[in-house]
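K.L.:
could you work out the structure for the sequence below:
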Amino acid sequence: MKTIKLKKVEHNVKVNDKCPYYEPNVKEDCLLEDDGQIIGFYIKDVAEYSEKLSKLLAVANNEFRSDNVPKSTMTRANGVEQYSTIIGSIAPKAVMQRPYPNISSVHRDKKAQIFIKAMLGCCLEAENVLKELTPHLHESQVKLFEDVKTQWRFGNLFTSSISNYNISAPFHRDTGNIEGTVNIILTKRNNAKGGCLNVPDYNATFEQADNSMLVYPAWRNIHGVTPIKQIIENGYRNSLIFYPLKAFKGI
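P.N.:
Below you'll find the predicted structure:
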């Protein structure tokens with residue numbers, strides 16, 4: 001696998017700025033290097049590394065798009081349906097009348113069990129790919145998770161997961177994540193363009209092709225998701241993401 005050396009560039013992008021549409025410029029399997037360190041990687045088709053992960057991802061995607069999984073519906077953008085689902089651990093947030101840590105209510109929905117099991121399987125298989133391609137990142141995340149109790153883990157190296165249907169995002173940085181960790185982003189798409197991760201610090205836009213996997217330290221830089229454009233009606237782009245919240249360290 002080739003290595004892309006990410007180079008810092010000057011920009012005026014700020015948190016909460018809307019992410020415009022960019023054509024992706026990272027499209028091939030690669031390791032991502034910043035300042036001499038490998039910080040993540042991109043895989044265009046996970047089936048090349050784990051057929052099991054590819055099959056589980058297909059199941060999770062189909063279940064997520066079905067009526068079996070509860071969703072939070074978003075405001076429609078240009079008539080395009082948008083929704084999301086969070087599973088795993090939910091951090092306390094007093095301002096939202098949620099003063100205690102909890103497990104997503106989706107876990108209590110009997111119809112959602114296939115989705116949850118498929119997502120857990122995806123998480124564990126993706127962790128295996130992480131260990132295979134970047135053992136130092138895997139080892140680092142294992143150590144950073146030593147004080148995260150099993151009850152708050154989703155998989156071994158994450159606390160939570162969010163799945164997004166046709167949702168782009170303004171520029172932000174995942175400040176709630178454990179510093180030094182990585183997120184895993186799995187993508188399913190059909191007849192849609194866009195929905196790619198843009199990191200302005202490096203002028204990098206990751207393609208996030210159908211069946212792709214992006215490993216990235218989301219706490220490290222501001223990033224946004226480009227607008228999603230349907231090629232035909234009912235076209236979509238789903239991102240299925242695993243992330244590690246620092247709120248669960250030591251509790």
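K.L.:
for Thr181, give me its contacts.
P.N.:
Counting by CB atoms under 8 Å, 6 or more residues apart in numbering, Thr181 makes contact with 140-141, 144, 157, 217, 219, 244. Heads up, the C-betas are built off the backbone N, CA and C, glycines and all.
K.L.:
are we agreed that it is in a strand?
P.N.:
No: read with DSSP: H, G, I helix; E, B strand; the rest coil, Thr181 is coil and lies in no strand.
K.L.:
so how far is Asp147 from it?
P.N.:
13 Å (CB to CB, to the nearest Å).
K.L.:
tell me how many other residues surround the closest residue to Trp152 other than its chain neighbours.
P.N.:
Spatially, and ignoring its direct neighbours in sequence, Trp152 is nearest to Phe248 (4.1 Å; CB to CB, 6 or more residues apart in numbering). If you count neighbours by other CB atoms under 10 Å, Phe248 ends up with 23.
K.L.:
can you pull the contacts of Phe248?
P.N.:
Applying CB under 8 Å, 6+ apart, the residues near Phe248 are 89, 91, 101, 148-149, 152, 159.
K.L.:
the residues you listed in strands, which ones?
P.N.:
Per DSSP state E, strands hold the following members of the contacts of Phe248: Ser89.
K.L.:
narrow the contacts of Phe248 to just the buried residues.
P.N.:
The neighbour count (16 or more other CB atoms under 10 Å) marks 89, 91, 101, 148, 152, 159 as buried among the contacts of Phe248.
K.L.:
beta partners of Asn198?
P.N.:
When assigned by DSSP bridges, Asn198 has beta-bridge partners Thr205, Gly224.
K.L.:
quick one: pLDDT of it?
P.N.:
The model reports Asn198 with a pLDDT of 98.
K.L.:
please apply the same query to Gly176.
P.N.:
So Gly176 comes in at 95 (pLDDT).
K.L.:
roughly how far does it sit from Tyr49?
P.N.:
29 Å.
K.L.:
can you give me the strands in the stretch 101-250 of the chain?
P.N.:
102-103, 160-165, 169-172, 183-190, 192-194, 197-199, 204-206, 212-216, 223-225, 228-230, 236-243 (DSSP state E, counting those that start in this stretch).
K.L.:
turn these into CSV, including mean neighbour count.
P.N.:
Listed next are those as CSV, based on neighbours: other CB atoms under 10 Å:
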stretch, mean neighbour count
strand 102-103, 14
strand 160-165, 23
strand 169-172, 16
strand 183-190, 23
strand 192-194, 19
strand 197-199, 23
strand 204-206, 23
strand 212-216, 25
strand 223-225, 23
strand 228-230, 20
strand 236-243, 23
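K.L.:
what's the closest of those strands to Phe115?
P.N.:
strand 160-165 (8.5 Å; CB to CB).
K.L.:
what pairs with the closest one, parallel or antiparallel?
P.N.:
Here strand 160-165 is paired, per DSSP bridges, with strand 83-90 (antiparallel), strand 236-243 (antiparallel).
K.L.:
shaky segments in the stretch 51-200 of the chain?
P.N.:
75-79, 94-98 (pLDDT under 70).
K.L.:
state the distance from the residue lying closest to Lys193 once chain neighbours are set aside to Val199.
P.N.:
Of all residues not flanking Lys193 in the chain, Lys229 sits nearest, at 4.6 Å (CB to CB, 6+ apart). Distance of Lys229 to Val199, given as CB to CB: 20 Å.
K.L.:
do the same with Gln151
P.N.:
Counting by CB to CB - Gln151 and Val199 are separated by 33 Å.
K.L.:
verify the stated contact: Gly180 with Leu144.
P.N.:
Yes: counting by CB atoms under 8 Å, Gly180 touches Leu144, with 5.6 Å between them.
K.L.:
between the two, who's got more neighbours?
P.N.:
Using other CB under 10 Å as the criterion, Gly180 and Leu144 rank with Leu144 on top: 17 against 14.
K.L.:
in contact with that one: list those residues for me.
P.N.:
Leu144 is in contact with 178, 180-181, 244, counting by CB under 8 Å, 6+ apart.
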